[in-house]
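Colleague: Generate coordinates for the sequence data below:
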Amino acid sequence: MGFWKRAILDSLIFIAIAGFFPNMFHVSSIWIAFVAAVVTGLLNRFVKPIIVLFSLPITLMTFGLFYICINAFMLQLASWALTPNFYFSNFGGAIITAVIISIVNMIVSDYFAK
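Modeller: The predicted structure follows:
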C-alpha cells in the first residue's frame, strides 16, 4: 500500500480511536488527523529505522514485543509536534493506539494483497 493510501487509512483510524476513547486520545479535526498521519509516516520512514537499530537487543530479548513500544513512541513524537490538536493522555493510550493501527493496517494490507 502506498504512502498516501496509508496516510488516509491512518487518519480514519485516528478519528475512530478518538471517538471510541475520548478520555485517552484527542484529535481536533479530520485535517489534523491527516497531518498527524503524514507526520507519523515520515517519522516511521526516517527516524524509526535508527531507533529500531539501537533497540535491537531489547527487541530480541522481548521476542519483538518492544516493537510495539517503538510504534507508540513514534506516535508520541507526532503528538509532541502537534500537541494542542493531537495528543494522548498517557503512554498507555499511545500503546493501545499503536496496537489498533498495526492490526487494522495488517488486515487492510492483507486484503489488498489478494
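
Colleague: What is the burial count for Asp10?
Modeller: Neighbour count for Asp10, taken as other C-beta atoms under 10 Å: 21. Where C-beta positions appear, they are placed from N, C-alpha and C, glycine not excepted.

Colleague: Which helix or strand contains it?
Modeller: helix 3-20 (DSSP states H and E).

Colleague: So which bits of that helix are buried?
Modeller: Arg6, Ala7, Ile8, Leu9, Asp10, Ser11, Ile13, Phe14, Ile15, Ile17, Ala18 (16 or more other C-beta atoms under 10 Å).

Colleague: repeat for stretch 97-111
Modeller: For stretch 97-111, using 16+ other C-beta under 10 Å, the buried residues are Thr97, Ala98, Ile100, Ile101, Val104.

Colleague: give the contact list for the residue nearest to the second one when sequence neighbours are not counted.
Modeller: Distance criterion C-beta to C-beta, 6 or more residues apart in numbering; nearest residue to Ala98, sequence neighbours excluded, is Asn71 at 3.8 Å. Counting by C-beta atoms under 8 Å, 6 or more residues apart in numbering, Asn71 makes contact with Ala98, Ile101, Ser102.

Colleague: In helices only, show me the residues you listed.
Modeller: Ala98, Ile101, Ser102 (DSSP state H).

Colleague: What values do phi and psi take at the closest residue to Val99 other than its chain neighbours?
Modeller: Taking C-beta to C-beta, 6+ apart as the measure, Val99 lies nearest to Ile68, with 6.2 Å between them; neighbours along the chain are not counted. When quoted as degrees, to the nearest 10, the phi and psi of Ile68 stand at phi -60, psi -40.

Colleague: Same check on Ser29?
Modeller: Dihedral angles for Ser29 - degrees, to the nearest 10 - are phi -160, psi 170.

Colleague: what's the distance between Thr97 and Phe73?
Modeller: Between Thr97 and Phe73 the distance, using C-beta to C-beta, to the nearest Å, works out to 12 Å.
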